[in-house]
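Visitor: Sequence plus the predicted model coming up.
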Amino acid sequence: MSAVTESSSERKYDILIWGATSFTGERLVEYLAANAPEDTRIAIGGRNQAKLESVRARLSAKHSSLSSVIDAMDIAVGDSADSARMHEIASQTRVVASTVGPYARYGTNLVRACVDEMTDYCDITGEVPWVKQMHCELNEQAVNSNVHIASLCGFDCIPADLGCMMLAEHARDKFKEPLLHVKGSIVGIRGGVSGGTLATMSSQISAEAKGVLSSQIASHKPATGNGKRFEKRGIIHYDKTLQRWQTFWLMSPVNTATANWAGRVLEYGQGFEYEESMSTRGLIHAVAIALGLFYGMVLMMFSFTRRALYALKIIPKPGEGPSESFTQRGFFSLHLEASTENHTFYGKVAGSSDPGYGETIKYLGESALCLAFDRSESFRPGVYPPSVIMGDALLSRLRNKNCVFRVSDKPIPAIESSKKHV
């Protein structure tokens, strides 16, 4: 049974999509039009009335079977810098799903408004320092008001976050032991990137590089108190379980920080540690990827080199992204090796579309629907990762949408995990 606060039960909308004119936001409109329950009240929002109307008209014409649903979506116009307007918008809806980044620049007033107006919220940011800032500033108020602010609901960081939660529950249920360590390995992936995501990454690299790098370095230190099982993993190392060379994975600082934060809040086990890397075809490939990522991040740090990359069409501009056909051909597979004091077991999280867009849209759409329609006393209020707030309710939703979350007593071979079909 859905449980909503008295102040939010009579809202005009169930879900408001903030940033509907963005590359990701437009696809979220499509997803919710196709997957939300009948009579769900959805609105789309952003800064530009004409662009919002254009998105609505274009999607209505594109999806004739959904045209009545899309045409019924109201439009809310506002600027993220206008705190009063953000409060007006938040007060009209039960849930806000935001795709507007960089969130440290454009998201703060909206999140503050959601907490003040007792409106639940979800987004796809990977900006952990900003999320922690919102937690420090707003968590106590959100808890007291029974408001749920679930950031990190995209490919950053659902696979690692819910994957570790799944393994922790398995360890408690089957072995009656706490989960102490999880090694994550991206063993297969194909996907594109949007200009908006790159803009967010470049902003975060420029402003927060020191904190991200220090967290990454810390993630390669052995866990304290459980040293015999947890070997140190370098930036480039050989994984004996998968029998493959591993290297730095671009999303590992974000996923590591999120999974470890959730592990502390949900009490997976004393000293719980998650770390993550990427499997490669061999040692030379591992070195090449590590060097490519390093120099790529350096180029993205400076505006003049970013402009050159845009001009040469090496990277997409904000508002651009992969085609629908490319998105449909995408996939990813994350192999997990979990340890308790006396047992080792394994997990797999996988998706069958572009991870940054196909799967991310699914993750955010289902997070919004979960907050709108599944909310119960089991949901933890506050500013937290999705596993902490929605837990098994969100995991069940994603499994029902053909997202793979699987536990195994034996390692999942890397060759199996690299296949598109899961």
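Guide: Ah, there it is.
Visitor: Can you show me the strands along the stretch 51-200 of the chain?
Guide: Using DSSP state E, counting those that start in this stretch, the strands of the stretch 51-200 of the chain run over residues 74-77, 93-98, 120-123, 148-150, 181-190.
Visitor: cool, the stretch 201-350 of the chain as well?
Guide: Counting by DSSP E, counting those that start in this stretch, the strands of the stretch 201-350 of the chain are 237-239, 244-247, 273-279, 331-339, 344-351.
Visitor: give me every residue that touches the residue nearest to the spatial centre of the chain.
Guide: When CA atoms, centre = their mean is applied to the chain, the residue found nearest the centroid is residue 154 (2.2 Å). Contact analysis of residue 154 by CB atoms under 8 Å, 6 or more residues apart in numbering lists 124, 125, 126, 356, 360, 363, 364. In this view, the C-beta of every residue, glycine as well, is placed from N, C-alpha and C.
Visitor: Okay, and which of the residues you listed map to helices?
Guide: 360, 363, 364 (DSSP state H).
Visitor: any idea which of those is closest to residue 159?
Guide: When the ones in helices among the contacts of residue 154 are compared for distance to residue 159 (CB to CB), residue 363 wins out at 8.8 Å.
Visitor: on that earlier part again, the closest residue to the residue nearest to the centre of the chain other than its chain neighbours: what's it in contact with?
Guide: Leaving out its chain neighbours, the residue that sits closest to residue 154 by CB to CB, 6 or more residues apart in numbering is residue 124, at 3.2 Å. By CB under 8 Å, 6+ apart, the contact list for residue 124 reads 24, 98, 99, 101, 152, 153, 154, 155, 156, 360, 363, 364.
Visitor: just to revisit the earlier point, the strands of the stretch 51-200 of the chain: which one's closest to residue 379?
Guide: Short answer: strand 148-150, nearest of the strands of the stretch 51-200 of the chain by CB to CB, at 5.9 Å.
Visitor: Packing partners of the closest one?
Guide: helix 108-116, strand 120-123, helix 128-145, helix 360-373, strand 382-384, helix 386-389 (3 or more CB pairs under 8 Å, 6 or more residues apart in numbering; DSSP states H and E).
Visitor: at 6 Å instead, please
Guide: For strand 148-150, the packing partners by 3 or more CB pairs under 6 Å, 6 or more residues apart in numbering; DSSP states H and E come out as strand 120-123, helix 386-389.
Visitor: partners of the first one in the sheet?
Guide: Taking DSSP bridges as the criterion, strand 120-123 sits next to strand 93-98 (parallel), strand 148-150 (parallel) in its sheet.
Visitor: Residue 233: neighbour count?
Guide: 18 (other CB atoms under 10 Å).
Visitor: Please indicate which of the strands of the stretch 51-200 of the chain has the most neighbours on average?
Guide: Among these, strand 120-123 has the highest mean neighbour count (mean count of other CB atoms under 10 Å), at a mean of 30.
Visitor: what's in contact with it?
Guide: Contacts to strand 120-123, defined as CB atoms under 6 Å, 6 or more residues apart in numbering, come from residues 95-98, 114, 148-151, 153, 367-368, 371.
Visitor: Closest one of the residues you listed to residue 257?
Guide: Nearest to residue 257 among the contacts of strand 120-123 is residue 151, at 11.9 Å by CB to CB.
Visitor: Touching, that closest one and residue 133? I think so.
Guide: No - Residue 151 lies out of contact with residue 133 (CB atoms under 6 Å); the separation is 10.8 Å.
Visitor: of those two, who's got more company?
Guide: Neighbours per residue (other CB under 10 Å) separate residue 151 from residue 133, with residue 151 holding more: 31 against 15.
Visitor: Alpha carbons of stretch 405-413, as PDB, please.
Guide: C-alpha atoms of stretch 405-413 as PDB (Å, rounded to 0.1, in the frame of the first residue of the first chain):
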ATOM      1  CA  PHE A 405      20.500  -8.600 -10.600                       C
ATOM      2  CA  ARG A 406      21.700 -12.100  -9.800                       C
ATOM      3  CA  VAL A 407      23.600 -14.000  -7.100                       C
ATOM      4  CA  SER A 408      25.600 -17.100  -7.800                       C
ATOM      5  CA  ASP A 409      27.700 -19.500  -5.800                       C
ATOM      6  CA  LYS A 410      30.200 -19.700  -8.600                       C
ATOM      7  CA  PRO A 411      32.100 -17.100 -10.500                       C
ATOM      8  CA  ILE A 412      30.300 -15.900 -13.700                       C
ATOM      9  CA  PRO A 413      32.800 -16.400 -16.500                       C
END
